[in-house]
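Chemist: with the sequence up front, the predicted model follows.
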2 protein chains.
Amino acid sequence: MRLATVRRGGRTRAAVGDDAGWVVLEEDDVQNLIAAPDWRERAEAVLRHPARTALGDEVFANPVPRPAKIFCCGLNYRDHILETGRDVPEFPTIFAKFADTLTGPADEILVHDTVKLDWEAELAVVVGAEVRRVDREHARLAILGYTVSNDISMRDWQQRTLQWLQGKAFDATTPIGPWIVTADELEPREGLRITCTVNDEVVQDGDTAELVFDAADLVAYVSQLTVLRPGDIILTGTPGGVALGMAEPRWLRDGDLVTTSVEGIGALRNTVRFE
Amino acid sequence: MRLATVRRGGRTRAAVGDDAGWVVLEEDDVQNLIAAPDWRERAEAVLRHPARTALGDEVFANPVPRPAKIFCCGLNYRDHILETGRDVPEFPTIFAKFADTLTGPADEILVHDTVKLDWEAELAVVVGAEVRRVDREHARLAILGYTVSNDISMRDWQQRTLQWLQGKAFDATTPIGPWIVTADELEPREGLRITCTVNDEVVQDGDTAELVFDAADLVAYVSQLTVLRPGDIILTGTPGGVALGMAEPRWLRDGDLVTTSVEGIGALRNTVRFE
């Protein structure tokens, strides 16, 4: 099942869908939808009827507009870690984002005061239940589903100090979506191709089977620190191929189209604009 | 003027006060109080009447229970930076916390799975207006007031990776309060004594005049990245004297009483408990 938040009539609405198309619901967004204990039964019932709506790329909004917590994992693709000469880490490197940092799957990304703008295609995990200090198995059961994200980074700001946050926290610069595929339909450990394309050039081409800490590992790890609730998000890290790693970095420029995709989910298409 | 959130009758209430005592209001907390455009006129009118209530330490809760964003500044006390042989930084080191990390000014701090628990007395800035990419002067005007905090840190978790977040994000481990003193009554640049005491031993004794980036600097800087809204919080960093800096660190132990104070505001008194 797919879960989306779509723009319709000056507001947003939750939608459920499958390969045949979409059904738009009354709720304002996916977070409101999943707040009802019986949301899954209801969504499955809706999808047993054949009526579907086709929706264009432009109507999809950030599926989860108000996560209370967003965690991001740093170096996490085994092949990329080994190619840079590092050891596979014992613990995940975790930093935070805020809800204001997110933006929609087809929105323009408007930036200012940066000359080192970079891409980071990422598989995003959406939490579906409240969890606190759980093991991997309970963590796995608390995953609502998966979506696509791009942790667009201002490397000049990121590298000003030891802590990365300020290069990762500009408002409306992390696209996410276009929808969530529920966890019963997708197993990233088995390998999903993840790519980032800038205009016509494929700059990242990875496989989620290379994740050192997978979705369940990260939910379990973060839950040791702090409670996770429905709608909270974990970005799982990016494969090799970022501009920062190039001998002569090709930073993003005004007008660049960044396409981010994860096999089995969908694609983000965001144009970069400099103020 | 002092602003507090106090526990009364199974709920919380906002309260305003001065040297003569407190007046408990109808609003649930300080964030609800300051949401009304005329809150200041109303609070001043209430304080023109002589009736006051005395309130014991134990009734004060975290004054700002739902900040959407909490930023913390790393190395920021000039004397401490110089004594460690570092240069005064060009940019503030910024990392994040979540609302769940906060706890009340007299609450027990319950921790688990750490053997390197440390203190960090900090002056906290509470934002009172929405600001986005403002200069220092506009940032200054957006400060609601100041309170006391202690960025209790799990150094073993903090040092697992390059990013400090996981040693700073355990639920209910950062006490804050006991109340906010409004910005018209306090100027940290002019020098406020800031101390941390563990049981009977003074372990930190600093002066806010030594802040490299003061409250207005930090609000202005963070507002270049992201919008700040009423109730958002910035912790301004800690002076020298943390356990981490000792040749033989004296980590916090079960039953330790940590007292954190800033001159002109008040004191936090929190007992540490290990699970």
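Modeler: Yep, it's here. Everything numeric here is computed off the predicted structure, so don't read it as measured data.
Chemist: starting at the chain centroid, how far to stretch A:111-127?
Modeler: 10 Å (Cα atoms, centre = their mean, to the nearest Å).
Chemist: in it, what's buried?
Modeler: Buried residues in stretch A:111-127, defined by neighbour count with 16 or more other Cβ atoms under 10 Å in any protein chain shown: A:111, A:114, A:116-127. For every residue, glycine as well, the C-beta is placed using N, CA and C.
Chemist: distance of A:Thr161 relative to chain B?
Modeler: Distance, A:Thr161 to chain B, using Cβ to the nearest Cβ, to the nearest Å: 4 Å.
Chemist: what strand or helix carries A:Leu47?
Modeler: Using DSSP states H and E, A:Leu47 maps to helix A:39-48.
Chemist: check which element follows that helix along the chain.
Modeler: Next along the chain after helix A:39-48, taking DSSP H and E as the criterion, comes strand A:60-61.
Chemist: list the contacts of A:Asn150.
Modeler: A:Trp119, A:Glu120, A:Ala121, A:Glu122, A:Thr174, A:Pro175, A:Cys196, A:Val258, A:Thr260, A:Leu268, A:Asn270 (Cβ atoms under 8 Å, 6 or more residues apart in numbering or on different chains).
Chemist: wait, I meant A:Arg273
Modeler: Contacts of A:Arg273 by Cβ under 8 Å, 6+ apart are A:Glu108, A:Ile109, A:Leu110, A:Val111, A:Asp254, A:Gly255.
Chemist: shouldn't it be within a strand?
Modeler: Yes. Assigned with DSSP: H, G, I helix; E, B strand; the rest coil, A:Arg273 falls within a strand.
Chemist: so stretch A:112-128, near chain B or not?
Modeler: Yes. Using Cβ under 8 Å from any Cβ of the partner chain, stretch A:112-128 reaches chain B at A:His112, A:Asp113.
Chemist: that stretch - what's its average pLDDT?
Modeler: Across stretch A:112-128, pLDDT averages out at 98.
Chemist: quick one: end-to-end distance for it.
Modeler: End-to-end distance for stretch A:112-128: 34 Å, by Cα to Cα, to the nearest Å.
Chemist: can you tell me which two in the buried residues of stretch A:111-127 are farthest apart?
Modeler: A:Lys116 and A:Val127 (31.7 Å; Cβ to Cβ).
Chemist: residues of the stretch 51-200 of chain A that sit close to chain B?
Modeler: A:68-69, A:74, A:89-101, A:112-113, A:133, A:157, A:160-166, A:169-171.
Chemist: now A:Thr182. Nearest residue, chain neighbours left out?
Modeler: Closest residue to A:Thr182 apart from its sequence neighbours, by Cβ to Cβ, 6 or more residues apart in numbering or on different chains: A:Gly145 at 4.2 Å.
Chemist: ok, A:Gly177 - how many residues close by?
Modeler: 28 (other Cβ atoms under 10 Å in any protein chain shown).
Chemist: correct me if wrong: A:Pro65 contacts A:Thr12.
Modeler: Yes. Here A:Pro65 reaches A:Thr12: they are 7.4 Å apart, a contact under Cβ atoms under 8 Å.
Chemist: which one of these two is surrounded by more residues?
Modeler: A:Thr12 (23 against 18).
Chemist: returning to what we had before: just the buried residues from the residues of the stretch 51-200 of chain A next to chain B, in ChimeraX please.
Modeler: Here is the ChimeraX selection string for the buried members of those, based on 16+ other Cβ under 10 Å:
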select /A:68,69,74,89,92,93,94,95,96,97,98,99,100,101,157,160,161,163,164,165,166,169,170,171
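Chemist: among the residues of the stretch 51-200 of chain A next to chain B, name the ones in helices.
Modeler: Those of those mapping onto helices are A:Trp157, per DSSP state H.
Chemist: you'd agree A:Ala99 is up against A:Lys69?
Modeler: No. A:Ala99 is beyond contact range of A:Lys69, at 9.0 Å (criterion: Cβ under 8 Å).
Chemist: lowest confidence element among the helices and strands of chain A?
Modeler: helix A:78-83 (a mean of 84; mean pLDDT, DSSP states H and E).
Chemist: ok, residues contacting that one?
Modeler: Contacts of helix A:78-83 (Cβ under 8 Å, 6+ apart): A:Leu75, A:Asp87, A:Val88, A:Pro89, A:Gly206, A:Glu210, A:Leu211, A:Val212, A:Thr238, A:Pro239, A:Gly240.
Chemist: just how off-centre is it within its chain?
Modeler: For helix A:78-83, the distance to the chain centre is 21 Å (Cα atoms, centre = their mean).
Chemist: now do the buried residues in it.
Modeler: A:His80, A:Ile81.
Chemist: with only the CA atoms kept, save it in CSV.
Modeler: The C-alpha trace of helix A:78-83 is given here as CSV (Å, rounded to 0.1, in the frame of the first residue of the first chain):
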residue,chain,number,x,y,z
ARG,A,78,29.5,-0.4,3.3
ASP,A,79,30.9,-0.2,-0.2
HIS,A,80,31.2,3.6,0.1
ILE,A,81,32.9,3.4,3.5
LEU,A,82,35.4,0.8,2.3
GLU,A,83,36.2,2.7,-0.9
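Chemist: the stretch 151-275 of chain A: strands as residue ranges?
Modeler: With DSSP state E, counting those that start in this stretch as the criterion, the stretch 151-275 of chain A has strands at A:153-154, A:174-182, A:193-198, A:201-207, A:233-235, A:257-262, A:266-274.
Chemist: including mean pLDDT, could the ones you listed go into JSON lines?
Modeler: Compiled in JSON lines, the strands of the stretch 151-275 of chain A are given as follows (pLDDT from 0 to 100):
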{"stretch": "strand A:153-154", "mean pLDDT": "98"}
{"stretch": "strand A:174-182", "mean pLDDT": "98"}
{"stretch": "strand A:193-198", "mean pLDDT": "98"}
{"stretch": "strand A:201-207", "mean pLDDT": "97"}
{"stretch": "strand A:233-235", "mean pLDDT": "98"}
{"stretch": "strand A:257-262", "mean pLDDT": "98"}
{"stretch": "strand A:266-274", "mean pLDDT": "98"}
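Chemist: adding distance to B:Asn150 as columns, could you present these in a markdown table?
Modeler: Output for the strands of the stretch 151-275 of chain A, formatted as a markdown table (distance: least, Cβ to Cβ, whole Å):
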| stretch | distance to B:Asn150 |
| --- | --- |
| strand A:153-154 | 31 |
| strand A:174-182 | 31 |
| strand A:193-198 | 41 |
| strand A:201-207 | 41 |
| strand A:233-235 | 28 |
| strand A:257-262 | 40 |
| strand A:266-274 | 41 |
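Chemist: A:Ala20: which of these is closest?
Modeler: strand A:174-182 (14.1 Å).
Chemist: picking up where we left off before, okay, buried residues for the helix holding A:Leu47 please.
Modeler: Neighbour-count burial for helix A:39-48 [16+ other Cβ under 10 Å]: A:Trp39, A:Arg40, A:Ala43, A:Val46, A:Leu47.
Chemist: go on, stretch A:136-152?
Modeler: A:138-140, A:142-152.
Chemist: the closest residue to A:Asp207 other than its chain neighbours and B:Gln204, how far apart?
Modeler: Spatial nearest neighbour of A:Asp207, excluding adjacent residues (Cβ to Cβ, 6+ apart): A:Gly191 at 5.1 Å. Counting by Cβ to Cβ, to the nearest Å, the separation of A:Gly191 from B:Gln204 is 51 Å.
Chemist: the more surrounded of these two?
Modeler: Per other Cβ under 10 Å, whichever of A:Gly191 and B:Gln204 has more neighbours is B:Gln204, with 22 against 13.
Chemist: buried subset of the contacts of A:Arg273, written for ChimeraX?
Modeler: Here is the ChimeraX command that picks out the buried ones among the contacts of A:Arg273, judged by 16+ other Cβ under 10 Å:
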select /A:109,111
